[in-house]
Structures are given as C-alpha cells and as structure tokens.
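>>> Got a predicted structure plus its sequence, pasted below:
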Amino acid sequence: MEKNVKYEEAVHRLEEIVAKMENDEYDIDELAANLKTAQQLIKLCRDKLTKTDAEIKKLLP
C-alpha cells in the first residue's frame, strides 16, 4: 500500500470495498485480500487523522 495515498482516496476505496462486501461480490480469495487492504487503509486514515489532529492542537492556543 502506498504511503502517499490521500485521505479522501483511502476513504473512497474503503467505501468501495464495503459496498462490494455487502453485496457479496467477492469470492473467498478476493474477500481475504480485500480485508487486508481495508485494514491497511483504515490504519492509513487513522494515522493521517491523528497527525492532523496533533498539528491542529499545536496551532491553536
């Protein structure tokens, strides 16, 4: 997974994965791979949000 993926792109990709899961569009092999991708995207989003929150707190009194 690329580290320079934008937050919005990661969220959009997560939404696509979830929609396909809800519609049973993945076979078992695709499901496992996409679950791993989803975990990585969630971590990336969480890290970006944490970093942004810390930066905002530094800027605000």
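Great, that's in hand. Residues are numbered from 1 along each chain as shown.

>>> For the rest of this, base every contact and every neighbour count on C-alpha atoms.
Will do.

>>> Spatially nearest residue to residue 21 (excluding sequence neighbours)?
residue 31 (7.6 Å; C-alpha to C-alpha, 6 or more residues apart in numbering).

>>> tell me which element that neighbour is part of?
helix 28-59 (DSSP states H and E).

>>> how about that helix: buried residues?
Going by neighbour count (16 or more other C-alpha atoms under 10 Å), the buried part of helix 28-59 is 31, 34, 37-38, 40-42, 44-45.

>>> now the residues you listed as JSON lines including distance to residue 16 and pLDDT?
Formatted as JSON lines, the buried residues of helix 28-59 follow (distance: C-alpha to C-alpha, whole Å; pLDDT from 0 to 100):
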{"residue": "31", "distance to residue 16": "13", "pLDDT": "94"}
{"residue": "34", "distance to residue 16": "10", "pLDDT": "96"}
{"residue": "37", "distance to residue 16": "11", "pLDDT": "96"}
{"residue": "38", "distance to residue 16": "10", "pLDDT": "96"}
{"residue": "40", "distance to residue 16": "14", "pLDDT": "96"}
{"residue": "41", "distance to residue 16": "12", "pLDDT": "97"}
{"residue": "42", "distance to residue 16": "13", "pLDDT": "97"}
{"residue": "44", "distance to residue 16": "16", "pLDDT": "96"}
{"residue": "45", "distance to residue 16": "15", "pLDDT": "97"}
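
>>> Any chance of a markdown table for the residues you listed, columns distance to residue 55?
Shown next, in a markdown table, are these (distance: C-alpha to C-alpha, whole Å):
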| residue | distance to residue 55 |
| --- | --- |
| 31 | 36 |
| 34 | 31 |
| 37 | 27 |
| 38 | 26 |
| 40 | 23 |
| 41 | 21 |
| 42 | 20 |
| 44 | 17 |
| 45 | 15 |
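
>>> closest to residue 14 among these?
residue 38 (6.0 Å; C-alpha to C-alpha).

>>> For the closest one, give me its contacts.
Residues in contact with residue 38, defined by C-alpha atoms under 8 Å, 6 or more residues apart in numbering, are 14, 17.

>>> Make residue 1 into 58 and carry on from there
All set: I'll call the first residue 58, so the last point we hit is now residue 95.

>>> so where's the chain uncertain?
The model of the chain has pLDDT under 70 over residues 58-60.
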